[in-house]
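Trainee: only the shape, not the letters, is given here:
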DNA sequence: GGATTAATCTGATCCAGATCATGGAATGAT
DNA sequence: ATCATTCCATGATCTGGATCAGATTAATCC
């Protein structure tokens, strides 16, 4: 068997569970639990369950009863919405330590988004009520979760601004910068976006089509701003992309 | 002097402060304070300051140091972002009892949006740190604020989906439904959107142009779905707009 | 009431990017 | 190694809605 040419190094097929050690390590690493002591984490750990998923599996669908909150222990998950026209809208791309799913009781009892595994995934789940009890019991944790949600709201507003006022190549440049910032790892081909990422998915993130993404990406490569291949992209010239995206701050 | 023809009934010019009675009444009415007892509200009231604004005044600009959180006591405020191309993006339209401004310490220390008065406004402000202290002290309040921010995030995601996948007339129909739901008051001309609302502003909310809004609005009126005039719109056929917006749930 | 100003409407033109169509290259299966 | 599949690149065409340009109408001012 030939070697794959992609520089992305992520397990993409087998589902798997995580060891108890990893679970505790993950929970310690979760930003909003970082202030808790080890015994508290161990106690909280009891309330979590573990679920494994393979590439392409759906963790849940939008419209399902929103009973659980998820934290990624390993792998990558995308949050998306389906539209009546069949086009998907990719809202977020989540990495280990991030939470998603059923958080609020106020906004109804079903998930608004669909969550799909981009790699093999190990996720920790907790019932919404148990999680809310933790937030109430440890106000500092609650405050950190609030800050995270606020940051996501800010990011969503930035996306709305992009969609409202920027051209396709600007939105793509902006999205690549975001992804590079969140998922980028230094690599010989450039700042490699460590997630399998197709033209289709990039189109779903930027409200464009795969054809447009392909054209823009090709141009970026010709201009020497990125390196790319089948399902991978690496940024080599951040400042050029920043200029295109008109990020001046 | 002739009477204005607009059916919208909102004080649009003079700034004004609110009486102490109104302040307490407002704070009691704020959803996330509703669980607090009167003495607690009175104590919290001490930490708020009062600011009056007239139509068009800016409460703050994006980029200003984010020191205060605002709660509207009276009037209407719009949250917007400026773009390099000069086009504004209108992100939210706030009514009495809603909060905005500096909430999180995590996401930097400046406002991400600009807040502008659509009417005369009386706003209550509190320092970010004092507000966060309240949230920590009363975890139930914190949880309610978290739910509100989560609901806003969900709304922002819905907007992203709209912008990504729907046509201009669908987005306009959707926005009118949203506004009617939030600001609509029963009136002889229909479900009147109780806020001065120009074609320009509607364009800034829907990522279109004033010309397109005008054409679509005119068509909606010809179709008998709405009544409209200079800076006002009233919805007469919600279900028709829902069908256009493809809101099937 | 008439003038002035600002919001709105409407037509004509144009273009970014969607859509349609096809060929090529990387991957996985056998 | 070969084939089948999936992803990607690129050309040709089409179109929704932006842009440009006036014409109308409502509100305010005097």
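Mentor: Ah, there it is. Note that this is a predicted model, so its numbers are computed, not measured. Numbers count the residues shown, from 1 in each chain, chains lettered A, B, ... in the order given.
Trainee: chain A: strands as residue ranges?
Mentor: For chain A, the strands defined by DSSP state E occupy A:49-53, A:58-60, A:68-74, A:77-82, A:88-94, A:99-101, A:114-117, A:121-127, A:184-187, A:190-193, A:226-229, A:232-235.
Trainee: what helices or strands is the first one leaning on?
Mentor: Based on contacts counted as 3 or more Cβ pairs under 8 Å, 6 or more residues apart in numbering or on different chains; DSSP states H and E, the elements that strand A:49-53 packs against are strand A:121-127. Heads up, the C-betas are built off the backbone N, CA and C, glycines and all.
Trainee: tell me how far the strand it packs on lies from the chain's centre.
Mentor: The chain centre lies 15 Å from the centre of strand A:121-127; the measure is Cα atoms, centre = their mean, to the nearest Å.
Trainee: ok, it: who's next to it in the sheet?
Mentor: Strand A:121-127 sits in its sheet next to strand A:49-53 (antiparallel), strand A:68-74 (antiparallel), going by DSSP bridges.
Trainee: mind checking the pLDDT average for it?
Mentor: Strand A:121-127 carries an average pLDDT of 93.
Trainee: what's next to that strand, contact-wise?
Mentor: A:15-18, A:22-23, A:26-27, A:47-54, A:57, A:59, A:67-77, A:101 (Cβ atoms under 8 Å, 6 or more residues apart in numbering or on different chains).
Trainee: can you tell me which of those residues are buried?
Mentor: Those of those that meet the buried threshold are A:15, A:18, A:22-23, A:26-27, A:48, A:51-54, A:59, A:67-77, A:101, by 16 or more other Cβ atoms under 10 Å in any protein chain shown.
Trainee: next one, pLDDT for residue A:14 please.
Mentor: Per-residue pLDDT puts residue A:14 at 65.
Trainee: need the contact list for residue A:29.
Mentor: A:96-97.
Trainee: please report the distance of it from DNA strand C.
Mentor: For residue A:29, the distance to DNA strand C equals 30 Å [Cβ to the nearest atom of the strand, to the nearest Å].
Trainee: do you know the pLDDT at that residue?
Mentor: 89.
Trainee: same question for residue A:104.
Mentor: 83.
Trainee: please see if stretch A:189-196 touches DNA strand C.
Mentor: No. Figure legend: stretch A:189-196 not in contact with DNA strand C (Cβ under 7 Å from any atom of the strand); closest approach 9.9 Å.
Trainee: and that stretch, what's buried?
Mentor: A:189-196.
Trainee: repeat that for stretch A:122-142.
Mentor: A:122-126, A:128, A:131-132, A:134-135, A:138-139, A:141-142.
Trainee: ok, of those, which one's closest to residue A:109?
Mentor: Using Cβ to Cβ, residue A:128 is the member of the buried residues of stretch A:122-142 that lies nearest residue A:109, at 9.0 Å.
Trainee: list the buried residues of the helix of greatest length in chain A.
Mentor: Assignment by DSSP state H gives helix A:139-165 as the longest helix of chain A. Neighbour-count burial for helix A:139-165 flags A:139, A:141-150, A:152-165 (criterion: 16+ other Cβ under 10 Å).
Trainee: how far off centre is it?
Mentor: 14 Å.
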